[in-house]
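In: give me a 3D structure for the following:
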Amino acid sequence: MQEILIHASKDHIEKVEIFKQLPEHILMKVVAHLRSEIFLPGDVIVSAGTPGNCMFFIYHGTVAVFTPQGREICHLEDGAHFGELALVFNETRVANVVAVTPCELFVSRRSDFLEAIAPFPDIKEHLISIATERLYQTQQETTE
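Out: Numbers count the residues shown, from 1 in each chain. The predicted model follows:
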């Protein structure tokens, strides 16, 4: 089962900006720690204002992203991801994410991610700069 998960999730992970700079062996460590979770329509996956400690890859399904005030920002589908800032920052979530259809998501925890990149401080520093820019953009989108 783990080999199937690794194969299925590796393509998704390689599309994420903060993972593009990771050497293959680190990327494989991240992939090896992913776990699959199922959500049904209407299930709240992420709530704004709650602590973020993981990111999600949509293997199958559709989710809706809302501002804390309830304004819909977008829908995300197969192959998309969200919550990547939680891998780098210990911040609260800035948006609500709700399953629109049955969804299978791969989840990556911050602790696993930080463990995988710990031996590479230069890579970690680069990822923090990318994530800082993304955090600023996300905050602008959710406060408009």
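
In: C-alpha from now on. contacts and neighbour counts both.
Out: OK.

In: tell me where this protein has helices.
Out: Per DSSP state H, the chain carries helices over the ranges 2-14, 24-32, 110-117, 121-143.

In: pull out the buried residues from stretch 57-76.
Out: The neighbour-count check on stretch 57-76 (16 or more other Cα atoms under 10 Å) flags 57-68, 76 as buried.

In: distance check, Tyr59 against Leu127.
Out: 24 Å (Cα to Cα, to the nearest Å).

In: can you check Phe56 too?
Out: For Phe56, the distance to Leu127 equals 17 Å [Cα to Cα].

In: higher neighbour count, the two?
Out: Per other Cα atoms under 10 Å, whichever of Phe56 and Leu127 has more neighbours is Phe56, with 24 against 21.

In: residues contacting the more buried one?
Out: Shown in contact with Phe56 (Cα atoms under 8 Å, 6 or more residues apart in numbering): His81, Phe82, Gly83, Glu84, Leu105, Phe106, Val107, Ser108.

In: how about it, nearest residue that isn't a chain neighbour?
Out: Val107 (4.7 Å; Cα to Cα, 6 or more residues apart in numbering).

In: isn't the one you found right next to Asn53, touching?
Out: No: using Cα atoms under 8 Å as the test, Val107 is too far from Asn53 to be in contact (10.1 Å).

In: in contact with the nearest residue to Phe39 once chain neighbours are set aside, which residues?
Out: Closest residue in space to Phe39, ignoring its immediate chain neighbours: Cys103 at 5.1 Å, by Cα to Cα, 6+ apart. By Cα under 8 Å, 6+ apart, the residues touching Cys103 are Ile38, Phe39, Leu40, Pro41, Ile58, Tyr59, His60, Gly61, Thr62, Val63.

In: report the two of those separated the most.
Out: For the contacts of Cys103, the farthest-apart pair by Cα to Cα is Pro41 and Tyr59; their separation is 15.2 Å.
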